[in-house]
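Chemist: Whatever this is, show me its structure:
(2 chains)
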2 protein chains.
Amino acid sequence: MSEQKFIIPHDQIIVKDDRQKMNEHKSVIIWFTGLSGSGKSTLANRVQEMLFDDALHTYLLDGDNVRQGLNKDLGFSAEDRQENIRRIGEVAKLFVDAGTIVMTAFISPYITDRQMVRDLVEEDEFVEVFVKCPLEVCEERDTKGLYAKARQGLIKNFTGIDDPYDEPENAELVVDTDKLDLEESALLVISFLKNNGYIQSKI
Amino acid sequence: MSEQKFIIPHDQIIVKDDRQKMNEHKSVIIWFTGLSGSGKSTLANRVQEMLFDDALHTYLLDGDNVRQGLNKDLGFSAEDRQENIRRIGEVAKLFVDAGTIVMTAFISPYITDRQMVRDLVEEDEFVEVFVKCPLEVCEERDTKGLYAKARQGLIKNFTGIDDPYDEPENAELVVDTDKLDLEESALLVISFLKNNGYIQSKI
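Modeler: Alright, predicted model coming up:
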């Protein structure tokens, strides 16, 4: 056997702390939860836009990029819904490790599932934002026409209609989207991040 | 119903192209494949360190952060191995969308699985690096003691022993880690990224 030149241990050399220092902000999961039509995605997108304009490193996980990719093998049974949230949580954890402010916009109706994700990361790495809006307002908005279908029985186990939504009991932030407009709502989130030392924003 | 202030469509506003412009480099999957002990993780870590020192945005997916998290429900059956690679590919795609140079260090022995990942992303977003090292050298290194166990029959379906490794036929890069040292190997990868316009590195 010839002498080998190529061998060293392979512990990860660059770690989360290094990335946070380079990015000049902490990394964290901002977990938006609420009924369909409450404004989770709209709010998360606006927050992301504000952070991006400030040159911070962000990413948004939502139905569009997760359900059609990583989780396309999952349906809507109780078991699959739980696995859906578990995988989203694990991916969000990787993004936190990568130094990113990662936002998620999923109904995530069950308190146990949200707690499972909270438990995946450090205590200050999970910020739960309850996007609060009365069912009747969400149903009137019916941005995707899903409530109408659920009322007609065309969709089963629809959150708020024939499946429960567990309101968060210890959310870091509650945003009443039936009282505030989008700018006010987004600035609430930004203020929380500033006041708790996640970012030093110029916004 | 009171007049609602909060409603806009929620297409993603910040997209991959915006992030690449902010980061000042392209985002891409660098997929390291090769036998156990070939040096995939060592090489990926060194490449990541070089890129990080140049203030580029990188992340490394490997057994440590994936197998114990996202994919902890998967075993080593043929079906689970395929699902393991599928999920890694989908997560890597999300990191590319987030503007990151994402590296993966997995044996990924089957050509069909690697092709599946290649097909998930744009043509120039998948760089396959064949970390080439003869089986006998890998087995002599036996950095994790796995070859000894496989030879004793304590591990079944071990790549190179009683499970095949499909050598890449169209890898963007082949790195002979039994001939080159770590620095030479890592610089080969960096040169590829520079010469193909992924980065404008000062390295």
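
Chemist: how far away is A:T112 from B:F130?
Modeler: According to Cβ to Cβ, to the nearest Å, A:T112 and B:F130 sit 44 Å apart. Bear in mind the C-beta positions are built from the backbone N, C-alpha and C, glycine included.

Chemist: Which strand residues bridge the nearest residue to A:E172 once chain neighbours are set aside?
Modeler: Nearest in space to A:E172, with sequence neighbours left out and distances taken as Cβ to Cβ, 6 or more residues apart in numbering or on different chains, is A:V127 at 4.6 Å. Beta-bridge pairing for A:V127 (DSSP bridges): A:I30.

Chemist: Who are the contact partners of A:V127?
Modeler: Applying Cβ atoms under 8 Å, 6 or more residues apart in numbering or on different chains, one finds that A:V127 lies in contact with A:28-31, A:172-173, A:192-193, A:198.

Chemist: if we go to 7 Å?
Modeler: A:V127 makes contact with A:28-31, A:172-173 under the criterion Cβ atoms under 7 Å, 6 or more residues apart in numbering or on different chains.

Chemist: between the residues you listed, which has the most around it?
Modeler: Among the contacts of A:V127, the one with the most neighbours (other Cβ atoms under 10 Å in any protein chain shown) is A:W31, at 29 neighbours.

Chemist: Flag every buried residue along the lowest-mean-pLDDT helix or strand in chain A.
Modeler: Of all helical and strand segments in chain A, the minimum by mean pLDDT, DSSP states H and E falls on helix A:63-66, at a mean of 91. Within helix A:63-66, the residues that qualify as buried are A:65-66, counting by 16 or more other Cβ atoms under 10 Å in any protein chain shown.

Chemist: okay, it in PDB with CA atoms only?
Modeler: Coordinates of the C-alpha atoms in helix A:63-66 are reproduced here as PDB (Å, rounded to 0.1, in the frame of the first residue of the first chain):
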ATOM      1  CA  GLY A  63     -47.000  24.900   0.900                       C
ATOM      2  CA  ASP A  64     -45.700  25.800  -2.500                       C
ATOM      3  CA  ASN A  65     -42.100  24.700  -2.100                       C
ATOM      4  CA  VAL A  66     -42.600  21.900   0.500                       C
END
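
Chemist: on contacts alone, who are the packing partners of whatever helix or strand comes next after it?
Modeler: As assigned by DSSP states H and E, the chain's next helix or strand after helix A:63-66 is helix A:78-97. Using 3 or more Cβ pairs under 7 Å, 6 or more residues apart in numbering or on different chains; DSSP states H and E as the contact criterion, the elements in contact with helix A:78-97 are strand A:28-33, strand A:58-62, strand A:101-105, helix A:111-120, helix B:78-97.

Chemist: Is it possible to get TSV of these that adds distance to B:R19?
Modeler: Listed next are the helices and strands packed on helix A:78-97 as TSV, based on distance: least, Cβ to Cβ, whole Å:
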stretch	distance to B:R19
strand A:28-33	17
strand A:58-62	8
strand A:101-105	13
helix A:111-120	24
helix B:78-97	8
